[in-house]
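Asks: Just need the structure, nothing else, for what follows:
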Amino acid sequence: RGYAEGHAAGVEAGIAEGIQQGLIDGEAAAQEQAQAVLTQELESLAQAEYALEQVANMLGDALLQPMQRLALHMAKELVRGELSLSDSAVTRLVKGCMEQLDLTQDKLQVYLNNDDYQLLQADSMLEGKVSYLPSNDLQPGSVRVEQADSWVDDLLEERLIMLSRQALGNVDNKLLAPVTHLSAEETLAMHEEVAETPTPQDETNVGEAQALAQEAAEPEMSLEALQAQTQGPEEGLENDEDWADLAAAGDKAADDDDELW
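Replies: Numbering: from 1, shown residues only. Predicted coordinates:
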C-alpha cells in the first residue's frame with residue numbers, strides 16, 4: 001500500500017511538473033515568435049520610412065529650383081505692375097536717394113529707366129531741384145542720383161537678391177536675371193522664322209524639284225542641231241532613218257521626264 005501511494009504521488013508530481021514546464025516552454029516560444037514578428041515589422045517600417053525619405057529628397061531637389069524661379073518671377077511682375085500703375089513708387093525711390101545727398105549744392109541728376117522717366121516727366125513736386133535723365137543701363141524701378149562727384153543708387157536687382165536670399169537662402173544668380181517680354185511683332189517674327197526654316201528633307205525635295213524644272217524648261221533640240229552636235233568631221237549616222245530613230249529616242253526621254261515631273 002505504501003508503494004502504491006508513493007507511486008501515485010510521484011506520478012501526480014511528474015504530471016504537475018510537466019504541465020508547468022510545458023507552460024514555461026510554450027510561453028517562451030510564443031514570446032520568441034512575437035518578437036520575431038515585431039522585429040520583421042519594424043524592419044519593414046524602417047525600409048518604408050527610408051524609401052519615403054529618399055522620394056521626399058528627390059522631389060524637394062526637383063521642385064526647389066522651379067519654385068524659386070516662380071517666386072522670383074512673381075516678385076518681379078508685382079514690382080513692375082506697381083511701377084507701371086503709378087509714379088508714386090518711383091518718386092519715393094528718388095526721394096530716398098536724395099535724402100542722402102546735400103540738396104544745397106549743385107543740381108541733382110536723376111537717372112531712370114526710360115519707362116520710369118516718362119512717368120516722372122509730368123511730376124512738378126521736384127521741379128527745379130532735379131533734372132531727370134533716361135538711362136538704358138537701369139531696369140524699371142532702379143534709380144541713380146548724382147551730384148557733382150557724389151552718387152547714390154537704389155537698384156531693383158539688388159533688392160530682389162536681398163529679398164530672395166532672406167526668403168529662399170542662396171539662389172542661383174541666373175534666376176535673378178531680368179524678365180523680358182517679347183512684343184507682338186517679335187513673337188510673330190519668331191513664329192514665321194520657325195515656320196519658314198526648311199528641314200533637311202524639305203531641302204532635298206526642293207533641290208530635286210528645281211533640277212526637274214530646269215530640265216523641263218530646256219528647249220528640245222531639233223533634228224538638225226542634234227545631227228550637227230553628234231556628227232564629227234569624218235563620221236556620222238549613215239542615213240536619215242538612223243537620225244529619225246535617234247530623234248524618236250530623244251522624244252521618248254523627254255516624255256518620261258514630263259511624266260516624272
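Asks: What strands flank the helix or strand containing W151, and is each parallel or antiparallel?
Replies: In this structure, W151 is located in strand 150-154 according to DSSP states H and E. Within its sheet, strand 150-154 is paired with strand 143-147 (antiparallel), according to DSSP bridges.
Asks: Now do the domain split for this structure, please.
Replies: 15-181, 187-231+243-260 (automatic domain parsing).
Asks: Out of those, point me to the one whose mean pLDDT is lowest.
Replies: Lowest mean pLDDT within those: domain 187-231+243-260, a mean of 53.
Asks: Count the neighbours of C97 for me.
Replies: Look at C97: counted by other CB atoms under 10 Å, it has 18 neighbours. No exception for glycine: its C-beta is placed from N, CA and C like everyone else's.
Asks: Pretty sure it sits against L155.
Replies: No: the pair C97 / L155 is not scored as a contact, 10.8 Å apart, by CB atoms under 8 Å.
Asks: what touches both of those two?
Replies: V143 (CB atoms under 8 Å, 6 or more residues apart in numbering).
Asks: mind listing what the closest residue to Q139 other than its chain neighbours touches?
Replies: Once flanking residues are discounted, Q139 sits nearest to L156: 4.9 Å by CB to CB, 6 or more residues apart in numbering. Contacts of L156 were listed using CB under 8 Å, 6+ apart, and they are 79, 139-142.
Asks: Select from those the one having the most neighbours.
Replies: G141 (24 neighbours).
Asks: my read: that one touches N113, true?
Replies: Yes: using CB under 8 Å, G141 is in contact with N113, at 7.4 Å.
Asks: List the buried residues for stretch 131-139?
Replies: Neighbour counts over stretch 131-139 (16 or more other CB atoms under 10 Å) mark 132, 135, 138-139 as buried.
Asks: Adding distance to L42 and secondary structure, write the residues you listed out as CSV.
Replies: Shown next, in CSV, are the buried residues of stretch 131-139 (distance: CB to CB, whole Å; DSSP: H, G, I helix; E, B strand; the rest coil):
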residue, distance to L42, secondary structure
Y132, 72, strand
S135, 67, coil
L138, 62, coil
Q139, 58, coil
